[in-house]
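K.L.:
mind looking at a prediction? Sequence and model below.
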2 protein chains.
Amino acid sequence: MPATIYDIAKKAGVSIATVSRVFNNSAKVSDKAKKKVLAVAEEMGYHPQAFAQGLASRKSNTVMIVVPVISNYFFMEVLGGVQDKLSQMNYELSIFNISPNKDIQEQVEHVLKRRWAEGYLFVSIHLDESCWAKLQKYNVPITLVDEHHEAFDSVSVDNAQGAYRAAKSLFEEGYDRVAMLSALESSKPIRDRIIGYKQALKEFDIPFDEKLVIKGDTMYRDGFTERAGYEAMIKILTMDPTPEACFCASDIQAVGALKAMQDTGKYIPIIGYDDIELAEYMGLSTIRQPMRDMGFFATQNLIDRMNNPDKAVSQTIYSPELIIRSSTELNGKKLDA
Amino acid sequence: MPATIYDIAKKAGVSIATVSRVFNNSAKVSDKAKKKVLAVAEEMGYHPQAFAQGLASRKSNTVMIVVPVISNYFFMEVLGGVQDKLSQMNYELSIFNISPNKDIQEQVEHVLKRRWAEGYLFVSIHLDESCWAKLQKYNVPITLVDEHHEAFDSVSVDNAQGAYRAAKSLFEEGYDRVAMLSALESSKPIRDRIIGYKQALKEFDIPFDEKLVIKGDTMYRDGFTERAGYEAMIKILTMDPTPEACFCASDIQAVGALKAMQDTGKYIPIIGYDDIELAEYMGLSTIRQPMRDMGFFATQNLIDRMNNPDKAVSQTIYSPELIIRSSTELNGKKLDA
DNA sequence: TTGACCGGTGCCTGCGTATTCACTCAACTT
DNA sequence: AAGTTGAGTGAATACGCAGGCACCGGTCAA
């Protein structure tokens, strides 16, 4: 059996209160007592038990990330940023993976009710209005990442604007028939990006053509996969007439799209979305989302709220940045990559 | 203030014991009492509090992953597998990120002492013998992923063999001067892969040339980055004589290497390591590690041990698989990608 | 000398739950 | 009829720790 605070107290000849103080740097403890306690603790391999501390202090020092898909570039980067901040602040990190098979709302509420963490980071969680309203009642610090709601702190990127910029850059190059390589439309970012795409169309007085919004067939990860991108691009390239350029809903899909172009030997300019690290090395033009920064900042924001529950709700919206590389420079020519 | 078990008990006209039983499906509770309790709980938004449950039951139902680098393809895939298993079993997931700035051993022990989780998954944690010995004393379920030690359950891939196969395949193609695009040698997988590389050299009676083991200059993430791969490949391509082929220590580095070849216009066959999803779409030959499976299996293994602490220690070693794609087919020609 | 003050310390209770044990009451046995 | 079961229940305690409060001894100023 692992040692408890009582064992340490007894062996060190002090009360448990003193042991507790030593481990919490709280109040004053004489150097002598402190050293003795630490020595005994070291000897017996003691350290306060997280759960007991949590219960007694009503603090878990834990932030929980609630997220639907874990194996995903966007999340991985956000996670990196979150962790950067968390280790600065000495907080624990838990991850709750929403299962797509069960009711999302129910799962989210269940997590909040258990009160495992002091603060929650909802990453890419999209709910409808009534659900958000219910969540407010829990009165728990929640920060949204990649989503936006007036009742919660949020950190997001303007997806419509990103798509708008991407599409616009292609129209400006003189392409009229610009396809959008899409993904599952149940994904909110996709819906927003389609909005941005349409907005650009409108600005250039080009009628919206439903047939130019294409997605793949495999809908694993909502269609944000290389495979789905490959499939979609094959469809695009076999259209008649072939679209002149393509805006992809994500870099990952763009990778598959590039492969499809190689395999078929037909090339059109494409632009991705995200600016994952690979994009630079693939010469992929894209829309940059500061994913890591978003994770970092959202975490900071969340911790701020945990420490000050009454502060005003803040909405942080990053502007997506257009990054031009070689994948949009070519024109009917083979990609030099 | 959130409701407690007492509030529910009082309002439902039963004792707290009964409420507890309802939420734990333990023993027998009359249907009538059960329904009443659930109704009241629903009404008051009650759910047992994780920390109190944990303290009282001495079970946290939590698995903790201990890992040095979070933003990393290998880890992301492993994590996906872990999560797949965990959600099947209804376990919580925590992540502890080892900081490179502090003493690893100390951090690991600290984590174990707190007893936050019931089982630990050490991913890519490499310690020396005396450290592993110390960890045994904690007598806590630990499963190693991407590492191997006789005292712990482990799930790993034979890195030496993987590198051996990669190098061998290049030698068999007739190349003699095969460079190894390496990374930080403090990384154990790197050391093992160098061993495999040397082993292949030996088999083909080619003397080992230290100068052919090249790494980049940026050592962020131990050198497992696109950038480091790019830098290293530039070095390789400017050597005189230029190596005839190259074995890369990871696919990510290989991506950078491919870019370097494009930028310089000099191409040599290369082979990567990992088989990340992208590799297929970049035509990158590589050594496949079943990362997701490893995560899944390791988790299963860990949970087995949590339920049966006395079972025999098991070492699972996956055999890496050689995947040939276009990046090794070319010969002094431009990559068709 | 007295009283205020302060660094240190221990006792005790509370945190919200699981669990043991004894108990009740009705159905069932012989 | 008395004894035997067993499902269902509640009181009490344990879990390991934090924190409030009281207390103790010494210092310093009045």
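P.N.:
Thanks, I have it. Residues are numbered from 1 along each chain as shown, chains lettered A, B, ... in the order given.

K.L.:
enumerate the residues of the stretch 1-150 of chain A near DNA strand C.
P.N.:
Contact residues, the stretch 1-150 of chain A versus DNA strand C (CB under 7 Å from any atom of the strand): A:13-18, A:21, A:27-33, A:55-56, A:58. C-beta here means a position set from N, CA and C on the backbone, and glycine is covered the same way.

K.L.:
for residue A:79, what are its contacts?
P.N.:
By CB atoms under 8 Å, 6 or more residues apart in numbering or on different chains, the contact list for residue A:79 reads A:65, A:295, B:70, B:71.

K.L.:
tell me which residues of the strand or helix carrying residue A:195 come out buried.
P.N.:
Element membership of residue A:195 [criterion: DSSP states H and E] is helix A:188-203. Buried positions in helix A:188-203, judged by neighbour count with 16 or more other CB atoms under 10 Å in any protein chain shown: A:188, A:189, A:190, A:192, A:193, A:194, A:196, A:197, A:198, A:200, A:201.

K.L.:
and the third one, how far from chain B?
P.N.:
Per CB to the nearest CB, to the nearest Å, residue A:190 is found 20 Å from chain B.

K.L.:
got the phi and psi for the nearest residue to residue A:138 once chain neighbours are set aside?
P.N.:
Of all residues not flanking residue A:138 in the chain, residue A:112 sits nearest, at 4.7 Å (CB to CB, 6 or more residues apart in numbering or on different chains). Main-chain dihedrals, residue A:112, degrees, to the nearest 10: phi -70, psi -40.

K.L.:
residue A:112 contacts residue A:136, correct?
P.N.:
No. Under the criterion of CB atoms under 8 Å, residue A:112 makes no contact with residue A:136, lying 10.8 Å away.

K.L.:
who has more neighbours, the two?
P.N.:
residue A:112 (22 against 12; other CB atoms under 10 Å in any protein chain shown).

K.L.:
which ones are touching the more buried one?
P.N.:
Contacts of residue A:112 were listed using CB under 8 Å, 6+ apart, and they are A:120, A:135, A:138, A:140.

K.L.:
so which of those residues is the closest to residue B:205?
P.N.:
Nearest to residue B:205 among the contacts of residue A:112: residue A:120, at 60.8 Å, using CB to CB.

K.L.:
where does the residue positioned nearest the centre of chain A sit: helix, strand or coil?
P.N.:
Centroid-nearest residue in chain A: residue A:75, 4.0 Å away (criterion: CA atoms, centre = their mean). When classified by DSSP: H, G, I helix; E, B strand; the rest coil, residue A:75 comes out as helix.

K.L.:
what sits against it?
P.N.:
A:67, A:69, A:123, A:124 are the contacts of residue A:75 under CB under 8 Å, 6+ apart.

K.L.:
my read: the third one touches residue A:66, true?
P.N.:
Yes. Contact status for residue A:123 versus residue A:66: in contact at 7.0 Å, counting by CB under 8 Å.

K.L.:
right, and residue A:116 touches residue A:63 too?
P.N.:
No. Judged on CB under 8 Å, residue A:116 makes no contact with residue A:63 at a distance of 10.2 Å.

K.L.:
what is in contact with those two at once?
P.N.:
Common neighbours of residue A:116 and residue A:63 (CB under 8 Å, 6+ apart) are residue A:94.

K.L.:
for residue A:73, which non-adjacent residue is spatially closest?
P.N.:
Nearest one to residue A:73, counting by CB to CB, 6+ apart, is residue A:276 at 4.9 Å.

K.L.:
just to check, that neighbour is in contact with residue A:72?
P.N.:
No. Taking contacts as CB under 8 Å, residue A:276 lies outside contact range of residue A:72: 10.5 Å.

K.L.:
higher neighbour count, those two?
P.N.:
Of the pair residue A:276 and residue A:72, residue A:276 is the one with more neighbours under other CB under 10 Å, namely 25 against 22.

K.L.:
list the contacts for the more buried one?
P.N.:
Shown in contact with residue A:276 (CB under 8 Å, 6+ apart): A:73, A:77, A:251, A:252.

K.L.:
return the member of those residues nearest to DNA strand C.
P.N.:
Of all those, residue A:77 has the smallest distance to DNA strand C: 36.1 Å, by CB to the nearest atom of the strand.

K.L.:
how close does that closest one get to chain B?
P.N.:
Using CB to the nearest CB, we find residue A:77 at a distance of 6 Å from chain B.

K.L.:
wait, that residue sits on residue B:71?
P.N.:
Yes. When contacts are counted by CB under 8 Å, residue A:77 is listed as touching residue B:71 (6.3 Å).

K.L.:
common neighbours of those two, please.
P.N.:
Shared contacts of residue A:77 and residue B:71, counting by CB under 8 Å, 6+ apart, come down to residue A:292.

K.L.:
more neighbours: which of those two?
P.N.:
When residue A:77 and residue B:71 are compared for neighbours, residue A:77 comes out ahead with 23 against 20, by other CB under 10 Å.

K.L.:
right, and residue A:203 touches residue A:165 too?
P.N.:
No. The criterion here is CB under 8 Å, and residue A:203 misses it with residue A:165 at 11.3 Å.

K.L.:
restricted to helices, list the residues of the stretch 1-150 of chain A next to DNA strand C.
P.N.:
Those of these mapping onto helices are A:16, A:17, A:18, A:21, A:31, A:32, A:33, A:55, A:56, per DSSP state H.

K.L.:
can you select the buried ones from the residues you listed in ChimeraX?
P.N.:
ChimeraX command restricting these to the buried ones, with burial defined by 16+ other CB under 10 Å:
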select /A:18,21,33,55
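
K.L.:
pLDDT weak spots in the stretch 201-337 of chain A?
P.N.:
By pLDDT under 70, the low-scoring segments of the stretch 201-337 of chain A are A:330-337.

K.L.:
residues from chain A in reach of DNA strand D?
P.N.:
Proximity of chain A to DNA strand D, by CB under 7 Å from any atom of the strand, involves residues A:1, A:4-6, A:16-17, A:19-20, A:23-24, A:26, A:46, A:48-49, A:52-53, A:55-57.

K.L.:
buried among those residues? Make that a ChimeraX selection.
P.N.:
A single ChimeraX command selects the buried members of the residues of chain A next to DNA strand D (16+ other CB under 10 Å):
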select /A:4,5,19,20,23,46,48,49,53,55
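
K.L.:
next, the buried residues of the helix or strand encompassing residue A:107.
P.N.:
Using DSSP H and E, residue A:107 sits in helix A:104-114. Buried positions in helix A:104-114, judged by neighbour count with 16+ other CB under 10 Å: A:104, A:107, A:108, A:109, A:111, A:112, A:113, A:114.

K.L.:
got the CA coordinates for that helix in CSV?
P.N.:
In CSV, the C-alpha atoms belonging to helix A:104-114 read as follows (Å, rounded to 0.1, in the frame of the first residue of the first chain):
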residue,chain,number,x,y,z
ILE,A,104,-23.4,14.5,-28.8
GLN,A,105,-25.4,16.7,-26.6
GLU,A,106,-25.8,13.9,-24.1
GLN,A,107,-22.1,13.1,-24.1
VAL,A,108,-21.2,16.7,-23.6
GLU,A,109,-23.6,17.2,-20.7
HIS,A,110,-22.4,14.0,-19.1
VAL,A,111,-18.8,15.2,-19.2
LEU,A,112,-19.7,18.5,-17.6
LYS,A,113,-21.8,16.9,-14.9
ARG,A,114,-19.0,14.7,-13.7
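
K.L.:
what is the rounded mean pLDDT of that helix?
P.N.:
Average pLDDT, helix A:104-114: 94.

K.L.:
do a quick rundown of the strands in chain A.
P.N.:
Listed in chain order, the strands of chain A (DSSP state E) span A:62-67, A:92-97, A:119-123, A:142-145, A:153-157, A:178-181, A:213-214, A:245-248, A:270-271, A:286-288, A:315-318, A:321-323.
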